[in-house]
Structure formats: structure tokens, C-alpha cells
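Engineer: Please find the sequence and the predicted model below.
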Amino acid sequence: MNNFKTNIRQAALPNEHGSWGFVLEPLILSLIVAYSLPGLLLAFCTFFMFLSHQPIKQLFKKKKNNPYKKISIQFLIIYSTAIIILFAVILSMVDINTLIPFVLSLIIMLNYLIILYKQKNRELIFELSAPFSISLVALSILLFNNWHIDFVLAFWIILLARSVPTTFYVRSKLLLIKKLSAKNFLPILLGLLFSIILLITAALDYNPYLAAVASFILLIRAYYGLYVSKNKVKIRAFGIWEFIYGGLFIVITAVGYILNI
């Protein structure tokens with residue numbers, strides 16, 4: 001039984017814990033502020049695409065006797081079938097032009113698969129491509145709900161304000177936890193830059209001020225984590241805290257949109 005559970009987990013579920021948050025957060029936030037049935041279906045379609053990268057990853061492993069090969073193929077067929085069905089339904093419900101961000105996301109994901117095949121999935125370009133591509137999917141969800149392009153782009157900046165500085169922060173923090181050297185200034189600089197941009201766009205009435213507040217909270221967290229903390233935290237605990245901060249970012253930003261503050 002334990003071997004069976006292990007096989008399923010290794011073949012079906014991505015084990016990069018941070019990627020779960022980067023995938024779910026933009027989809028959840030976009031559905032909260034611009035819910036529609038096609039948007040919900042696209043979110044599920046994207047989630048199955050995210051899940052499918054695990055069996056693909058297993059199949060790309062260059063091993064003669066891969067114990068997960070057979071079950072990985074099975075799960076890949078299941079995920080692919082769900083993706084095709086969901087996308088066909090979505091196509092019948094929306095203007096094809098609203099899917100342009102989603103198509104751009106697919107191109108980035110294809111690039112990810114190439115990187116995955118070359119076994120270089122820990123390079124920074126990969127770590128940035130995943131949240132970047134999912135943020136594009138979120139834009140299609142907004143377009144389904146007839147958002148004006150100016151507000152769509154402002155929302156995209158909010159998503160990037162969460163994912164880009166966090167990617168650099170997590171990378172630096174993990175190095176510090178492992179007692180290695182890290183470039184601590186870049187996550188702080190990026191966090192400050194995005195916070196300022198969100199304040200400006202909020203002043204121009206393109207997004208709520210609370211989005212800038214949420215970004216500033218992440219900036220404080222990054223400063224504390226890189227310059228104040230003694231880095232004795234366990235990696236698992238660090239990951240849990242990042243999930244919490246991601247959830248906090250969603251809640252604060254969503255409240256800002258709902259209450260227009």
C-alpha cells in the first residue's frame with residue numbers, strides 16, 4: 001500500500017511545493033475579482049496542465065528502469081483528456097481573442113518543457129517562467145468578464161508583484177538556510193520597485209491601494225527573512241510560511257477590489 005501511494009505521488013503530483021502556490025494564487029484571485037463559468041473552467045484546465053508536468057518529468061528522466069514510467073503514462077493520459085475536454089468547452093463559450101494571453105502562456109510552458117527535458121529545471125529562468133505563464137492565464141479570465149485592457153494590465157502587475165520578488169527571495173533564503181552566500185539586495189529592490197509601481201497605479205485608479213499594501217507586507221517579510229532572521233528555520237516550515245504569505249496577499253488584494261480601497 002505504501003509503495004502504491006508513493007508511486008501515485010511521484011507520478012501524479014508535482015513535488016515542488018512552492019509551485020503550488022504560484023499556480024493557485026493567480027487563478028484564485030482572478031476568479032474572486034472576475035468570476036465566470038469559462039474562467040472557472042480555464043482555471044481547472046490550467047491546473048490539470050500544471051499537474052501534467054509531473055508525469056512528463058518522470059518520463060523525461062533518463063533511466064533504463066524507471067519504476068514510475070507506466071503509471072506516469074496513465075496519469076498523463078488522464079490529465080491530457082481533461083485538458084482537451086475543458087478547452088473544447090471553453091472555446092465554445094468565449095471570444096477567441098480573449099484567449100491570446102492563454103496562448104502566450106502555452107508558449108512559455110512549452111519552453112519550460114524544453115528546459116525540463118534538458119534537466120535544468122532549477123535554473124532561474126525556469127523558476128520565473130512558471131509564475132509568469134500562470135499570470136497570463138489569469139488575464140484571460142479577466143477578459144472573459146469584459147475587463148478593459150488597462151485594468152487587465154494593472155492586475156497583471158499585481159500578480160508579478162507577488163511572484164517575481166518572491167521568486168528571488170525564496171532563492172536567496174534557501175541559500176542562506178543552507179549556509180551559502182546569496183544576493184540579498186535584489187529581492188528587496190524588486191519588492192520596493194513593485195510596491196512603488198502599485199502605489200502609482202492605485203493613485204491613477206487602475207488598482208486598489210490594498211494591493212500596494214499587500215506588496216509592502218511581502219517587502220517587509222523579505223527584509224526580515226534576509227537581514228534579521230538567523231536562518232535556522234527548517235525548509236518545510238519556511239515553505240508553509242510562504243503559503244501563508246501568499247494567502248494573505250490574495251485576501252488583502254481581493255478585499256481591495258471588492259471594497260474599492
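Structural biologist: Thanks, I have it.
Engineer: which ones are touching Ser80?
Structural biologist: Applying Cβ atoms under 8 Å, 6 or more residues apart in numbering, we find Ser80 in contact with Ser52. Quick note: C-beta positions are derived from backbone N, CA and C, even for glycine.
Engineer: Flag every buried residue along the helix or strand encompassing it.
Structural biologist: Per DSSP states H and E: Ser80 is located in helix 69-91. Neighbour counts over helix 69-91 (16 or more other Cβ atoms under 10 Å) mark 71-72, 75-76, 79, 82-83, 86-87, 90 as buried.
Engineer: So which of those is the closest to Leu159?
Structural biologist: Set against Leu159, the nearest of the buried residues of helix 69-91 by Cβ to Cβ is Ile90 (20.5 Å).
Engineer: Compute the distance between the closest one and Ser80, please.
Structural biologist: According to Cβ to Cβ, to the nearest Å, Ile90 and Ser80 sit 16 Å apart.
Engineer: Could you do Leu160 as well?
Structural biologist: Counting by Cβ to Cβ, the gap from Leu160 to Ser80 is 29 Å.
Engineer: can you list the domains in this structure?
Structural biologist: Segmentation of the chain into domains, based on automatic domain parsing, reads 1-147, 148-261.
Engineer: Could you tell me the least trusted of the ones you listed?
Structural biologist: Here the lowest mean pLDDT among those goes to domain 1-147, at a mean of 83.
Engineer: Which of the three states applies to Lys183?
Structural biologist: Secondary structure, DSSP: H, G, I helix; E, B strand; the rest coil: Lys183 is coil.
Engineer: What does it show for phi and psi?
Structural biologist: phi -90, psi 100 (degrees, to the nearest 10).
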